[in-house]
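>>> below is the sequence, then the predicted model.
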Amino acid sequence: MRFTKPAWVIHRDRDSSSSRDETKRPVIYTCHVHPDGSRIATGGIDAKVRIWSTKPIINHASELSGRPPKSLCTLTMHTGPVLTVRWAHSGRWLASGSDDSIVMIWDLDPTAKGKVWGSDEVNVEGWKPLKRLPGHDSDVTDLAWSPEDRYLASVGLDSSVLIWCGYTLERLRKLDQHQGFVKGVCWDPVGEFLATQSDDRTVKIWRTTDWGLEAEVTKPFEDSPGTFFRRLSWSPDGAHITASNATNNSGYVFVAAVISRGNWTADISLVGHENAVEVAAYNPHIFLRNPKDDVVASNICSVVALGADDRSISVWQTKCARPLIVAKEVFERQIMDLSWSRDGYTLYAVSSDGTMAVFSFDPEELEGLAPFTAQEKYFTKFGFTAPPLPTGFSHSSLPTIAQTDQRMTPPPSPRQKAATAHTQDHAQSDFGSSQNNGGEHINKLVAKRKTAKRIQPTFMGSLGANIPSAGTSAAIPPPPQPAASSRVQNTNGRSFHEITGIASSSRLVASPTAQAQLFQSSNAFDDAMMNGEPSGLRYPSEENDIDMSTDVPIASFDTSSKGARGKRKASIAEDDRTVKPRTLGGDRVRDVVSVREIVGGVPGGLVASPTAFESSVAGRLPVPSVLTYLKATIEGSEDVFEGRNSEDGGATEVLLVNGKQTQWLDYLPSPILALAATSSFRAVAMQDGTLNIYSTTGRRIMPTLSLGAPCSTLVGNKHFLMLLTSAGMLHIWNVKKQQAVFTPVSVSAIMGISPNCSVLSASIQPNGSPIIQLSTGVAHSYDHQLLSWTKLSDGWWAEGSDAWQGRQRVNTQVAARGIVSAIEGSIAERISGTDDEKPRPTWWNTAMTLGHLETKLHTAKTLNSPPEYKHALSVYAKKLADEGFRAKAEELVKELFGPTYWRPGRDDSWSPTVVGFSKRDLLKDVLVIFARSKTLTKLALDWQDVLKKAALED
């Protein structure tokens with residue numbers, strides 16, 4: 001794999017780049033590769049559509065020579081940020097959707113070359129606006145062309161889905177059953193259905209025959225956070241939809257949901273990203289587990305790429321349980337869009353940090369790639385017949401070379417000249433009938449291993465050289481088709497790799513700027529299978545029966561299966577024997593141990609230091625009982641971390657087991673009190689006050705820690721481990737960095753001296769913030785920057801705050817799902833009812849509500865809960881607007897706006913973001929609320945003008 005980030009792909013005029021801050025690049029919201037692979041369109045915050053040549057991106061020599069030109073055309077008809085661009089399958093037209101609520105259709109115009117109006121840029125080729133499609137009442141967020149360009153679907157923030165004729169460009173239907181912003185749309189490759197995804201936390205499936213609602217999927221999106229897009233994608237075999245922005249475990253695990261065709265259930269999840277998944281994009285080709293076998297459901301898999309708000313990209317292959325690659329920190333901000341080249345070997349990604357990243361795969365890394373002719377034959381099994389295409393139009397989808405020999409203006413295809421070399425490197429063979437002169441080819445699989453690979457971007461294979469237009473006929477030569485492999489997860493006992501079995505794993509080459517590595521997936525289930533279809537399925541013909549099954553079966557994770565033709569196995573031709581790697585204790589079968597409390601002295605137990613008994617919290621932090629058996633489950637995995645204490649003075653052991661098999665074990669000098677396990681580490685606390693921390697393979701990744709007192713509570717989350725001793729000392733470590741987050745601190749400061757105050761629960765957030773809930777109705781955290789305990793919530797707010805649960809005047813869905821809400825709900829359950837008839841001062845409710853909301857803002861920031869922070873901010877702003885408190889409102893505005901001339905690196909006293917949000921973006925929402933207030937309208941309008949000027953200067 002080769003990786004590159006072309007710095008010259010930027011949504012900024014060339015003549016202005018020298019006078020602007022180069023560190024801040026304008027946002028790029030969308031990208032899409034032309035069907036012939038020769039150019040890519042992008043849309044950005046500058047309200048322009050830009051078309052770039054792909055050859056300088058993937059060919060370093062072309063980039064240096066400047067041939068063909070890097071920038072081909074700049075389209076300037078939109079008046080707002082361009083949020084989506086999509087080429088028609090024919091390559092003749094380009095559709096773009098914008099913040100100005102308009103869909104624009106562009107057509108090639110050979111006479112439109114020349115200087116861009118109002119700029120020093122020159123268009124190498126010309127594209128004219130063919131038709132302007134009004135109809136949306138708000139931002140157009142996504143577009144999609146149906147198979148054969150029969151329809152064009154557009155979705156937007158007006159909660160509607162518009163269907164346009166792909167030929168006449170007339171509006172055919174408006175679907176308005178969504179109850180929230182619609183942010184994603186995709187077509188069934190068979191042509192039978194349309195899928196849309198919305199902020200109303202649903203994916204809706206529409207029939208194309210009558211545009212009725214076929215199904216509505218809600219389960220995996222019930223706790224999904226708000227994201228800029230919800231781009232979803234349909235697999236090329238028609239079997240699945242991968243939808244972005246789904247969650248598991250009440251919103252605490254970010255996943256992409258895989259929806260199965262037919263029953264429209266979403267039992268399968270792709271787990272591993274640390275923030276919301278923004279976009280999913282399937283490789284346009286189907287892949288064969290065994291290229292020598294027939295194209296049947298049991299032999300088909302697909303490749304899908306995910307882009308998330310954690311700035312990483314993962315590529316999955318449905319026959320594997322792990323990702324093919326994970327590129328972490330490729331960007332500085334979230335991924336906005338992904339696009340595969342039509343040949344299936346290049347993945348393009350754009351981010352809100354204003355950059356583009358390109359991943360180029362080698363054929364041996366993507367094995368089994370099948371030509372589009374195989375896909376078309378496979379679709380006959382669905383039995384769907386689309387209505388006939390309109391006649392009399394010149395832009396039929398994907399014309400063959402025989403139909404025309406006209407060519408588009410430069411640049412030539414980036415792979416045209418490399419076709420010969422590519423063919424020499426990878427021998428090709430006909431797929432299906434060899435009599436098709438203009439047919440497609442696939443590569444024979446040659447398992448080989450190279451000793452070194454270039455990281456510098458190079459181009460591979462050949463792409464078609466032509467881009468046709470609506471007014472002319474042109475050819476899109478079929479690209480050469482080479483070969484793939486990868487992993488996945490399931491929330492209901494099945495893993496996504498079970499859809500299609502497993503084959504070989506690919507070699508990866510890490511670039512200096514983005515390392516490709518495997519996710520440590522949080523789910524792995526290998527014991528369930530879906531009903532498969534007969535392995536003898538063939539294409540429907542006179543000699544074979546027609547199989548009506550449309551499901552791709554879930555095969556088990558079996559590397560010894562017929563389709564498992566890994567490169568590693570093939571490379572060891574001289575020895576076909578499989579040597580099973582050894583593990584510590586791996587030959588021991590797991591036995592069952594009954595759980596009993598061990599009463600009395602236990603050898604190895606150590607009396608705590610005097611500090612524990614002299615502490616003011618002595619006796620209020622109980623030490624767990626010594627049990628014969630303890631266990632800690634690992635979220636999303638079948639692995640179980642077990643501890644076993646012997647009653648007769650035998651060995652104390654800790655072990656990791658999977659099913660009935662022991663993965664590894666270790667022996668300990670002291671009885672075990674508590675265990676903790678996450679996807680990245682395992683921890684065990686012992687009676688003598690010591691702590692061991694292990695890696696996933698059983699290595700001691702940190703020295704044994706002596707804490708001076710036995711453990712009272714031990715919990716882990718992500719890379720953080722928290723231990724509260726019976727002496728009241730709180731310890732938190734970042735296991736990944738192998739360092740303490742702060743100096744151990746005593747909880748006596750928050751527990752006081754009252755014997756009635758006890759710790760109800762102690763937990764830790766994924767960002768390392770502790771949460772200590774006390775019986776007094778107060779929840780605390782420790783701020784290592786302030787070096788002080790802070791109150792997260794207090795039952796006292798129930799006395800008068802309108803924002804307290806149970807007293808809220810508005811039913812808010814966001815507040816009912818986050819960690820802050822969970823804390824307040826727990827406190828509310830334990831406090832007695834408030835005396836509303838008790839006389840209160842005049843400003844009691846107002847002051848209590850504002851104080852409570854300000855505390856919630858600090859709490860959401862401390863616990864890193866972006867949705868709750870944004871919600872609390874909007875409620876706080878509305879309260880200020882309702883009360884007309886101008887001084888408070890103006891202070892809030894200034895805090896969010898920051899210094900007028902702030903630049904990164906020059907002034908570290910102000911941060912432009914909070915909990916992942918841009919403060920100035922939040923300010924826009926606040927000013928909209930203030931503008932509705934009679935007393936704050938002028939303040940809002942003045943600052944809206946200031947924001948606009950600041951945006952122009954940036």
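Received it, and whenever you're ready, just let me know what you need. Numbers count the residues shown, from 1 in each chain.

>>> got the end-to-end distance for stretch 633-649?
With CA to CA, to the nearest Å applied, stretch 633-649 spans 27 Å between its terminal residues.

>>> ditto for stretch 357-364
Stretch 357-364: ends 21 Å apart by CA to CA.

>>> and stretch 780-799, by the same measure?
Using CA to CA, one end of stretch 780-799 lies 19 Å from the other.

>>> next: stretch 686-706.
One end of stretch 686-706 sits 10 Å from the other (CA to CA).

>>> cool, and stretch 729-742?
12 Å.

>>> what does that stretch contact?
Defining contact as CB atoms under 8 Å, 6 or more residues apart in numbering, one finds that stretch 729-742 is touched by 680-681, 683, 693, 701-702, 707-709, 716, 719-725, 744-747, 764, 768, 770, 772, 782, 784, 787. Glycine gets a C-beta too; all of them are placed from N, C-alpha and C.

>>> at 7 Å instead, please
For stretch 729-742, contacts defined as CB atoms under 7 Å, 6 or more residues apart in numbering pick out 680-681, 693, 701-702, 707, 709, 719-724, 744-747, 764, 768, 770, 782, 784.

>>> show me how far it is from its chain's centre.
A distance of 28 Å separates the centroid of the chain from that of stretch 729-742, by CA atoms, centre = their mean, to the nearest Å.

>>> give the buried residues for that stretch.
Neighbour-count burial for stretch 729-742 flags 729-733, 735, 741 (criterion: 16 or more other CB atoms under 10 Å).

>>> kindly report the same for stretch 917-935.
Residues of stretch 917-935 classed as buried under the neighbour-count rule (16+ other CB under 10 Å) are 917, 919-920, 922-923, 926-927, 929-931, 933.

>>> now residue 218. Nearest residue, chain neighbours left out?
Excluding its sequence neighbours, the residue lying closest to residue 218 (CB to CB, 6 or more residues apart in numbering) is residue 202, at 5.1 Å.

>>> which residues does the closest residue to residue 668 other than its chain neighbours contact?
Once flanking residues are discounted, residue 668 sits nearest to residue 652: 4.6 Å by CB to CB, 6+ apart. By CB under 7 Å, 6+ apart, the residues touching residue 652 are 604, 645-646, 667-668, 670-672.

>>> which parts of the stretch 751-900 of the chain are strands?
759-764, 770-774, 778-783, 788-794 (DSSP state E, counting those that start in this stretch).

>>> winner for burial among these?
Among those, ranked by average contacts under mean count of other CB atoms under 10 Å, first place goes to strand 770-774 (a mean of 22).

>>> what mean pLDDT does stretch 247-265 have?
What stretch 247-265 shows for mean pLDDT is 90.

>>> stretch 215-224 now?
Rounded mean pLDDT across stretch 215-224 is 91.

>>> before we move on, what about stretch 142-150?
94.

>>> repeat for stretch 753-764
On average, stretch 753-764 scores 88.

>>> alpha carbons of that stretch, as CSV, please.
Extracted in CSV, the C-alpha atoms of stretch 753-764 (Å, rounded to 0.1, in the frame of the first residue of the first chain):
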residue,chain,number,x,y,z
ILE,A,753,-15.1,12.8,58.9
SER,A,754,-18.8,11.7,59.0
PRO,A,755,-19.0,7.9,59.4
ASN,A,756,-22.3,8.0,57.4
CYS,A,757,-20.6,9.2,54.2
SER,A,758,-19.5,6.3,52.0
VAL,A,759,-18.6,5.7,48.3
LEU,A,760,-21.5,4.4,46.4
SER,A,761,-19.6,3.9,43.1
ALA,A,762,-16.2,4.7,41.6
SER,A,763,-15.6,4.7,37.8
ILE,A,764,-13.4,6.3,35.2
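
>>> ok, and what's touching it?
So stretch 753-764 is contacted by 616, 620-621, 713, 715, 717, 720, 722, 724, 732, 751, 770-776 (CB under 7 Å, 6+ apart).

>>> where along this structure do the helices fall?
55-58, 60-65, 372-379, 419-425, 567-571, 610-614, 748-751, 819-830, 844-862, 866-883, 886-897, 919-931, 937-953 (DSSP state H).
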